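1. Task: produce atomic coordinates for the following.
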Amino acid sequence: MAEVNKEPVKLVLYVAGETPKSLAAIRNLEKICSEHLAGKYKVEVVDLKKQPQLAREHGIVAIPTLVKELPVPIRKIIGDLSDTQKVLVHLSVEG
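-> Reported below is the predicted structural model:
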């Protein structure tokens, strides 16, 4: 098992309901993860319409926002994640 020491990438996507931009971000993130991080990621989607207090607690100022929590450093990217290469480079998770 060569990947034992490599922790999975933990991603949290903050959205607000089922807006077109939120749904696009979810779709784009699923595609990026399946193509570039297969089996090496955990994704949590947080709907800030259901849990608005988390926006303040987690420093979310715009949505959709993707946060890479692990491995550190924490990185954030705002938008619908349609530019795959930009997302991979910005989050330092080139597959």
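2. how close does the most centrally placed residue in the chain sit to Ile78?
-> Using CA atoms, centre = their mean, the residue of the chain that lies closest to the mean C-alpha position is Leu66, 3.6 Å off. With distances taken as CB to CB, to the nearest Å, Leu66 is found 8 Å from Ile78. Where C-beta positions appear, they are placed from N, C-alpha and C, glycine not excepted.
3. now the helices for the chain?
-> Per DSSP state H, the chain carries helices over the ranges 20-36, 53-57, 84-90.
4. Mind listing what's buried along stretch 40-50?
-> Neighbour counts over stretch 40-50 (16 or more other CB atoms under 10 Å) mark Tyr41, Val43, Val45, Val46, Asp47, Leu48 as buried.
5. Next: stretch 68-77.
-> By neighbour count with 16+ other CB under 10 Å, stretch 68-77 contains the buried residues Lys68, Glu69, Lys76, Ile77.
6. which residues sit against it?
-> Contact with stretch 68-77 is made by 7-12, 65-67, 86-87, 90-93, as judged by CB atoms under 8 Å, 6 or more residues apart in numbering.
7. For the residues you listed, work out which two are farthest apart.
-> Across these, the longest distance by CB to CB is 23.5 Å; it joins Glu7 and Lys86.
8. doesn't Tyr14 make contact with Val46?
-> Yes. Under the criterion of CB atoms under 8 Å, Val46 is in contact with Tyr14, at a separation of 5.0 Å.
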